[in-house]
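S.K.: sharing a model that was predicted from the sequence below.
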Amino acid sequence: MPELPETETIARDLHQLVVGAQIVGVQVPRADVLREVDSDGLQRALCGRTIGAVWRRAKLIVLDLAQANHEPMHLVVQPRFTGALLVDDGTLEAALRDYVCVSLLLADGRKLHYRDVRRLGTVSLMRVPRFATYTNALGMEPLSNACTPFTLAGALGSSTRAIKAVLMDQTRLAGVGNIYATEACWSAAIDPSRAASSLNSVEWATLHTELQRILQASVAARGTSFRDYRDATGARGAFVSQLVAYGRAGERCPRCTHTLIGTAAIDGRMTVFCAWCQR
């Protein structure tokens, strides 16, 4: 967490809120989240630059930074478990100013904070060639036009690992984590422990349809908030009310009414599934 819907929500918010803003200062209270740059280097590189676009790749939030007569650069934020990017115009909830690791001071008086309670996320500064190398190692975007049942099967279907684990392999498919892999397997009625290579063409088509449907529905609901995830204004996502499997071990399966099972045996993370109707 955050996964594709959450990072997509943050990126869209930031694109509306801070594109065109000039960075006039940088504060780094907790430098251990920085990668490929130190505090002084970040200050030197960012001051005077303008935020040209904000977008998502996989589970990354990417800020394009421009400055006249300087090469373009990317500020790449990977929130991981408890990270958040928050725009602070003075009205941000006071508690959300705790655990701030990096703040960009904007010319209009606002601040863009990277907040991370556990500091497992990262903030990286990359030149264009380095960013291309970094992101080229990531897999296909599941909501892109390039993702079809055929290409999904081609990217994942050669693996003998559990289908749920392969769905979360960022080198094969970008942006899907534990929540949405669990939900997609349940919705497609596929046992999450089955080898990816065992799925037939009909099952790949169903999985593709359900994965895209769930991701799109979560984006529309602005993501899933259990505890830490917030959008760029500090608000919570609403998709938690639509979850049918994740976090519901011990409850009745909505499809067949048998008890949902929770296990960490498939990939070391909590997987919730129905042993009766997921095959």
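M.R.: On my side now, so go ahead. This structure is a prediction, so every number in the text was calculated from the model and none was measured.

S.K.: residues contacting Asp116?
M.R.: Arg30, Val33, Pro79, Arg80, Thr82, Gly83, Ala84, Tyr99, Cys101 (CB atoms under 8 Å, 6 or more residues apart in numbering). (C-beta placed from N, C-alpha, C; glycine too.)

S.K.: let's go with 6 Å and repeat that
M.R.: Each residue near Asp116 by CB atoms under 6 Å, 6 or more residues apart in numbering is listed here: Thr82, Gly83, Cys101.

S.K.: and for Gly157?
M.R.: Here Gly157 is in contact with Ala196, Ser197 (criterion: CB under 6 Å, 6+ apart).

S.K.: thinking again about what came up before, from the contacts of Asp116, pick the one nearest Ala137.
M.R.: Within the contacts of Asp116, proximity to Ala137 (CB to CB) peaks at Gly83, which comes in at 20.7 Å.

S.K.: how about the nearest residue to that closest one, chain neighbours excluded?
M.R.: Gly121 (3.2 Å; CB to CB, 6 or more residues apart in numbering).

S.K.: from Leu211, how far out is the one you found?
M.R.: Look at Gly121 and Leu211: by CB to CB, to the nearest Å, they are 25 Å apart.

S.K.: what's the burial count for the residue lying closest to Ala53 once chain neighbours are set aside?
M.R.: Spatial nearest neighbour of Ala53, chain neighbours left out: Asp64 (4.4 Å); criterion: CB to CB, 6+ apart. By the criterion of other CB atoms under 10 Å, Asp64 has 19 neighbours.

S.K.: these two touch, right, Asp64 and Val54?
M.R.: No. At 7.4 Å, Asp64 does not count as touching Val54 under the criterion of CB atoms under 6 Å.

S.K.: so for the longest helix along the chain, what gets flagged as buried?
M.R.: Determined from DSSP state H, the single longest helix within the chain is helix 201-220. Going by neighbour count (16 or more other CB atoms under 10 Å), the buried part of helix 201-220 is Glu203, Trp204, Ala205, Thr206, Leu207, His208, Glu210, Leu211, Ile214, Leu215, Ser218, Val219.

S.K.: for stretch 48-57, same thing?
M.R.: Arg49, Thr50, Ile51, Val54, Trp55, Arg56, Arg57.

S.K.: domain assignment for the protein?
M.R.: 4-136, 149-273 (automatic domain parsing).

S.K.: I'm done for today, thanks for sticking with me.
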